[in-house]
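Novice: with the input below, show me the fold.
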Amino acid sequence: MKDANELRHEVLKSLAMEWQAETDTTKKDMVFKKILVRVDKLLVHIANKLKGYRRELQDVDDQELYQTAILGLYRGIASVKPNDPGRRVVARIISYVKEEIRKNFLVQRGPKNRISLDEMTFEVEAKTQTSVTSAMEVEEISSAIQKLVDTYVLPQGDVDMFLKHTIEGVPFNALAKGAGIHETTAARRVHSVRNEIRKFLGETDE
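Specialist: I've put the predicted structure just below:
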């Protein structure tokens, strides 16, 4: 039996697929409003969280940040696939919303520290860039991560740290502080996740 969260995710997925299929502009807007009602608090949470630890966002108006998040929502629901589990729909929305905010407001660090993945641009530190992110599309990486978590190869907590570090740019010391572990342990876990993804995708460090 599905729990409440799973049911909410499935409803969100159904609305996203309905939005994609609808050709009438008025009806399409109505479906989008239904989606927005369901994810409104999520958008506010994402915007506030990013604003909380990125100094570049401190002076950005909250309403402007929210409107940018809505643009990311459009991209997120447009990317939903029919075979996506409900929880991945939420993950897509979160990823696209964050990226839309980063793209519009955060300072770019230069071409060597930015890579394009399936129309998404993730800011990463040069030292953490790997063929995992530079050679694969985001869909393949997301699928790999999900399968590794589902089969208990990777702990969800380690995956969360990996994503925060590579996508959001959270440094190892901040990850360690949040998890209550040593900085070297946080770094080791992030690198371990990256290596497991490499192995899953048939890549090696050699």
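
Novice: correct me, but Arg189 touches Asp158?
Specialist: Yes - counting by C-beta atoms under 8 Å, Asp158 is a contact partner of Arg189 at 4.5 Å. Glycine gets a C-beta too; all of them are placed from N, C-alpha and C.

Novice: between the two, which has more neighbouring residues?
Specialist: Arg189 (24 against 19; other C-beta atoms under 10 Å).

Novice: tell me which element that one is part of?
Specialist: helix 183-200 (DSSP states H and E).

Novice: next one: that helix to chain centre, how far?
Specialist: Remark: helix 183-200 is offset 18 Å from the chain centroid, using C-alpha atoms, centre = their mean, to the nearest Å.

Novice: list the buried residues of stretch 191-204.
Specialist: By neighbour count with 16 or more other C-beta atoms under 10 Å, stretch 191-204 contains the buried residues Val193, Arg194, Glu196, Ile197, Arg198, Phe200.

Novice: oh, I was asking about stretch 29-41
Specialist: Neighbour-count burial for stretch 29-41 flags Val31, Phe32, Ile35, Val39 (criterion: 16+ other C-beta under 10 Å).

Novice: same check on stretch 86-103?
Specialist: Neighbour-count burial for stretch 86-103 flags 86, 88-103 (criterion: 16+ other C-beta under 10 Å).

Novice: thinking again about what came up before, out of the buried residues of stretch 191-204, who's nearest Pro82?
Specialist: Phe200 (23.4 Å; C-beta to C-beta).

Novice: identify the residues contacting the closest one.
Specialist: Phe200 sits next to Ala144, Lys147, Leu148, Val153 when contact means C-beta atoms under 8 Å, 6 or more residues apart in numbering.

Novice: same thing with Val89?
Specialist: The contact partners of Val89, by C-beta under 8 Å, 6+ apart, come to His9, Leu12, Lys13, Ala16, Ile77, Val80.

Novice: try it again at 6 Å.
Specialist: When contacts are counted by C-beta atoms under 6 Å, 6 or more residues apart in numbering, Val89 is found next to Leu12, Lys13, Ala16, Val80.

Novice: out of those, which is nearest to Leu43?
Specialist: Nearest to Leu43 among these: Leu12, at 12.9 Å, using C-beta to C-beta.

Novice: mind checking how far the closest one is from Lys28?
Specialist: 16 Å (C-beta to C-beta, to the nearest Å).

Novice: okay, those two: which has more neighbours?
Specialist: A count of neighbours by other C-beta under 10 Å puts Leu12 above the other of Leu12 and Lys28, at 22 against 15.

Novice: quick check: the more buried one vs Phe162, distance?
Specialist: The gap separating Leu12 from Phe162 is 25 Å, by C-beta to C-beta.

Novice: name the helix or strand for the residue nearest the centre of the chain, please.
Specialist: Nearest residue to the geometric centre of the chain (C-alpha atoms, centre = their mean): Ser95, 2.7 Å. Element membership of Ser95, judged by DSSP H and E, is helix 86-105.

Novice: following element in sequence after the longest helix seen in the chain, please.
Specialist: Among all segments of the chain classified by DSSP state H, the helix with the greatest residue count is helix 25-53. Per DSSP H and E, the first helix or strand lying C-terminal to helix 25-53 is helix 62-78.
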